[in-house]
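>>> Could you work out the structure for the sequence below:
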Amino acid sequence: MNSALITGANRSIGLEIAKQLSQKGLSVYLGSRNLENGETVVKELTEQGFQNIKAIEIDVTNPESISKARDIIETEQGKLDILINNAGILGPIPQTAAEASIKDIQNVFDTNFFGVISVTQAFLDLLKKSDRPRISNITSGLGSLTLHSDPNWKYYNVKGAAYGPSKSALNAYTIVLAYELKDSAFKVNVIDPGYTATDFNHHSGPGSVESAASFIIKHTLTDENGPTGQYFSNDIEDESGISPW
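Okay, the predicted model is just below:
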């Protein structure tokens, strides 16, 4: 049975990804900063009929937490097939370039950028033991520099000095990682679930968590001919779903 780790999965899109992967027969580690919260969610899912989902404590900003999660998965699985770096924070609003504090910007980057790197590097050896390793870094349309430079883009006025730039940095890191792993079985992509109604945005987005999770899974569970080093967005009307960087 293939295994998957989803960070930040005790609610919203991450939780829905866990549910849909479980329905596809995968063994799912539901990552949560607080183990008790994660276990409460898993108990509810089990009562609803979901199987093979286990809560695992992982704080992407805490190296010790990451290391413990890695050891647990190595002991129980011996490898990891899918890593979905979903954990993220928005940070204080507004985030003006002129006034946003360095501390606030650093806090956002610690989770959205450095946290992803820390988790990815920690689990890379377990992923290399998989026949079809997949890394999906969950990004945002707000990370696209091309779209942010287009006055005709529908979200052109949604600017910020912390969240969007953290996702732009994540996109850049993913390009480098995908390049380094291009001659292997890895598929490494960034995936934007689109503007989704979640606690993250006070449920202001028009998209559903079901659609967002389905889109992420579609571009994660690809075959050996699938793309790597690509940027997919659920908000792109083109059938390919490919977003400009």
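
>>> Distance of the most centrally placed residue in the chain relative to residue 16?
The centroid of the chain falls nearest to residue 86 when counting by Cα atoms, centre = their mean (2.5 Å). Using Cβ to Cβ, to the nearest Å, residue 86 is found at 10 Å from residue 16. C-beta coordinates here come from the backbone N, C-alpha and C atoms, glycine included.

>>> for residue 164, same thing?
Taking Cβ to Cβ as the measure, residue 164 falls 24 Å from residue 16.

>>> Likewise for residue 95?
Distance, residue 95 to residue 16, using Cβ to Cβ: 27 Å.

>>> again, but for residue 109
Look at residue 109 and residue 16: by Cβ to Cβ, they are 26 Å apart.

>>> Would you mind telling me which of these two has more residues around it?
A side-by-side neighbour count of residue 109 and residue 16, using other Cβ atoms under 10 Å, places residue 16 first with 24 against 19.

>>> what packs against the longest helix along the chain?
Longest helix in the chain, counting residues (DSSP state H): helix 163-180. When contacts are defined as 3 or more Cβ pairs under 8 Å, 6 or more residues apart in numbering; DSSP states H and E, helix 163-180 sits against helix 102-109, helix 115-127, strand 134-138, strand 187-192.

>>> and if we set it to 7 Å?
helix 102-109, helix 115-127, strand 187-192 (3 or more Cβ pairs under 7 Å, 6 or more residues apart in numbering; DSSP states H and E).

>>> deepest of those, which one?
strand 187-192 (a mean of 27; mean count of other Cβ atoms under 10 Å).

>>> Show me what that one is in contact with.
134-141, 170-171, 174, 177-178, 181, 216, 219, 222, 226-235, 243 (Cβ atoms under 7 Å, 6 or more residues apart in numbering).

>>> ditto for stretch 58-66
Residues outside stretch 58-66 that contact it (Cβ under 7 Å, 6+ apart): 7, 31, 33, 57, 69, 87, 110-111, 115, 118-119, 122.
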